[in-house]
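**Q** Fold the following and give me the result.
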Amino acid sequence: MMPALSRRLFASCIAAFAAVAALADADPPSIVAALTYFNGTVTYAPAGSDDWAYATLNRPFTTGDRLWTDQGGRAELHVGTTAVRLDSQTSLDLADVEDQQLALHISQGSMGVRVQQLYSGQAVEIDTPQFALVIRSPGHYRVDVSPGDDTTRVSMGDGDAVLTDVSGNQMELQGPQNLLFGTDGEREIDADPGLVYDGFEQWVEARDHYDDNSQTVRYVSREVIGYENLDSYGSWEQDATYGPVWIPQTVVVGWAPYRDGHWTWIAPWGWTWVDNAPWGFAPFHYGRWVFGPHGWCWVPGPRYSHPIYAPALVVFASGGHDGPRLGHPNVTWFPLGPNEPYMPGYRTSTTYQVNLNHNIGLRTIPLTGYVNQQKGNAITSVTAETFMGGHVSPRDHVTLSADKLAGASAASTVQIAPGAHSVFGASPAARNPVAVPRAVVSVHPQVTPPALQDSLAKHYVQSSGAVAGVRPWQPVATQAPVRQLPPVNRAVPVQAHTTPSYAPAQTTERTVNTGSYVQRPVVVPRQNEPVVSAPVQQPVVIPRPVEQPRQIVEPRQPVQVLPQQQAQRQEPPHVTVIEAPHPVAIPEPRQAAPQMTAPAPRQERNEPRNQREDDKDRNKHN
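**A** Down below sits the predicted model:
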């Protein structure tokens, strides 16, 4: 019989093994929310931190992160095929970013959401102080949360959704739709449904047009985040070995992939690369790099659905005569080449690794067996201090000789514990936003951000990965207040009419019309798509008048004015611009043309025939 101590030890081992297996099965999300465009001032607070920093392009965001667009700022996030646009002075919390669920909390400002595709079981939820909106089909959606009068407007160009108010009452909406919710259940239905067409909506439409006209979708899936930025900064060529490859137009001298940007710590993936190039998201989190006759080329690989995001597709050199072991001066890495598997440094299941390395077999490769390791220009090496939060640039790069990597082995990550500033990377600190946190209505169960249970960071600290003199990263809970309501039954069919199927008790309805609206083109699903999906196509762009100063245009051919008509000449009339829901054609003003004196009509044509005959006889007698 097994002794009691042995039984307890055996049970502890089984429990530990089960815990590790459970962590391995809890794969990280395959998508993130990437900041692919912004202008003005945009700040963010990573999950687990109350400090704010200025946003940097191409930074991945995930569950628990918060963003704020300051006065005059705008931002665009891409989450798979869903685009999220924020107007000026908008406060957004990413409550949940997962494969099956995207939950957005907006407590102030304006946000446009374009959903291009939903797979079976996927859901997008927008939570506001007055209601929770669960999107059930592709379409264009917008919410406007007023910071002063506690009112929230929801407008839809197309699509359908289920709205749940603060009392738990649900109503089914189908676009075009426009509702304004106030305090005490007050609700207004606009007589002209559709999306409010203002300056923000013009910008949203322009960004949609930019995405839809991308030529990169010929080579990669629309689910590859950041694909739309490749057209303007490079060109596609067909390679005999690797198929379609993308070549950047302009790079600095000494450039190599993963050399101009910074490393930041983002749970649950750990060390994550943020590139500085305006096109620098897709080529550094999907596909592989290779050095060809025309320089560095990005190889996206075969086009397939559900591509999985990776924090950085690189290989670290571990051991040898150089880092990244603690005590060594430098951290060294280089990009993966085509057909070389990426083995994550975070815990994943085997199925996740197989899907991450699509059509690439999982195998162990010696350091000297990687294609890019044989090219000295591909290897980047920086100090540990620069790696942990500083800016990596070609001038900071340390050139390594082949003997420096002698005896080194390949590693999927560098086991250095993150410091307190590592979650910000090279982003400078910013002041806290002026928005006051407000509770939002939510039907989605609240989830704990991965940053608050970062087992990978704890593992690095426990395995002597902490750097002396660097304050370790200690996350704190920062979730905003939420009014939790029962979940929505997404199986309920949508009503065919466009008016709400439910009117909450003790509400007052009145018809209002506060602006101009536009109905988005209805997206018609095509065959062989997921259960609930929209086709990848270019929507019809509705031209709208652009708000710009009107100028009086002189005619191309000036008209000669006679001196006697100079006094009668008038200046062109002033053109008044009238805002209307449809384009107003404003003709070019013209100068008054000179008046031509017409000859007097011949009176005899209007006289009777017998009178003319009498005149002839009279002339004969004279």
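**Q** what about residue 110, distance to residue 284?
**A** For residue 110, the distance to residue 284 (CB to CB, to the nearest Å) stands at 31 Å. C-beta here means a position set from N, CA and C on the backbone, and glycine is covered the same way.
**Q** oh sorry, the question was meant for residue 258
**A** With the distance defined as CB to CB, residue 258 ends up 7 Å from residue 284.
**Q** how far away is residue 418 from residue 288?
**A** Using CB to CB, one obtains 27 Å as the distance from residue 418 to residue 288.
**Q** who has more neighbours, these two?
**A** The residue with the greater number of neighbours, taking residue 418 and residue 288 and applying other CB atoms under 10 Å, is residue 418; the counts read 27 against 23.
**Q** tell me which element the closest residue to that one other than its chain neighbours falls in.
**A** The spatial neighbour of residue 418 that comes closest, neighbours along the chain excluded (CB to CB, 6 or more residues apart in numbering), is residue 265 at 3.7 Å. Residue 265 belongs to strand 261-266 when assigned by DSSP states H and E.
**Q** Likewise for residue 236?
**A** Assigned by DSSP H and E, residue 236 falls within strand 234-239.
**Q** Could you spell out the sheet neighbours of that strand, each with its direction?
**A** For strand 234-239, sheet partners with direction are given as strand 243-248 (antiparallel), following DSSP bridges.
**Q** related to what we said a few turns ago, with neighbour numbers in mind, choose between residue 258 and residue 284.
**A** For residue 258 against residue 284, the residue with the higher neighbour count under other CB under 10 Å is residue 284, and the figures read 26 against 22.
**Q** what about the closest residue in space to that one that isn't next to it in sequence, distance to residue 75?
**A** Sequence neighbours aside, residue 275 is the residue nearest to residue 284 in space, at 5.1 Å (criterion: CB to CB, 6+ apart). Using CB to CB, one obtains 18 Å as the distance from residue 275 to residue 75.
**Q** Residue 394 too?
**A** Using CB to CB, one gets 29 Å for the distance from residue 394 to residue 75.
**Q** higher neighbour count, these two?
**A** When neighbours are counted by other CB under 10 Å, residue 394 and residue 75 differ, and residue 75 comes out ahead with 25 against 14.
**Q** hang on, that one in a strand?
**A** Yes: going by DSSP: H, G, I helix; E, B strand; the rest coil, the assignment for residue 75 places it inside a strand.
**Q** wait, doesn't it sit right on residue 59?
**A** No: using CB atoms under 8 Å, residue 75 and residue 59 do not qualify as a contacting pair, with a distance of 11.0 Å.
**Q** anything in contact with each of these two?
**A** Where contact means CB atoms under 8 Å, 6 or more residues apart in numbering, the residues bridging residue 75 and residue 59 through contact with each are residue 35.
**Q** So residue 352 belongs to a strand, correct?
**A** No: per three-state DSSP, residue 352 lies outside any strand segment and is helix.
**Q** Correct me if wrong: it contacts residue 308.
**A** Yes: if you go by CB under 8 Å, residue 352 and residue 308 touch, sitting 7.5 Å apart.
**Q** Those two: who's more crowded?
**A** residue 308 (22 against 19).
**Q** Model confidence for the more buried one, exactly?
**A** Looking at residue 308, its pLDDT is 96.
**Q** give the contact list for it.
**A** By CB under 8 Å, 6+ apart, the residues touching residue 308 are 30, 352, 355-356.
**Q** closest to residue 379 among those?
**A** Nearest to residue 379, judged by CB to CB, of the contacts of residue 308 is residue 356 at 23.8 Å.
**Q** which element is the closest residue to the closest one other than its chain neighbours on?
**A** By the measure of CB to CB, 6+ apart, the closest residue to residue 356 outside its immediate chain neighbours is residue 308, 4.5 Å from it. Assignment of secondary structure by DSSP H and E places residue 308 within no helix or strand.
**Q** Endpoints of stretch 122-134, how far apart?
**A** Using CA to CA, to the nearest Å, one end of stretch 122-134 lies 11 Å from the other.
**Q** pLDDT averaged over that stretch, what's the number?
**A** Mean pLDDT, stretch 122-134: 95.
**Q** got the buried residues for it?
**A** Of the residues in stretch 122-134, those buried by neighbour count under the rule 16 or more other CB atoms under 10 Å are 122-134.
**Q** swap in stretch 366-380?
**A** Counting neighbours by 16+ other CB under 10 Å, one finds that the buried residues in stretch 366-380 are 367, 370-373, 375, 377-380.
**Q** can you tell me which of these are in helices?
**A** When helices are assigned by DSSP state H, not one member of the buried residues of stretch 366-380 lies inside them.
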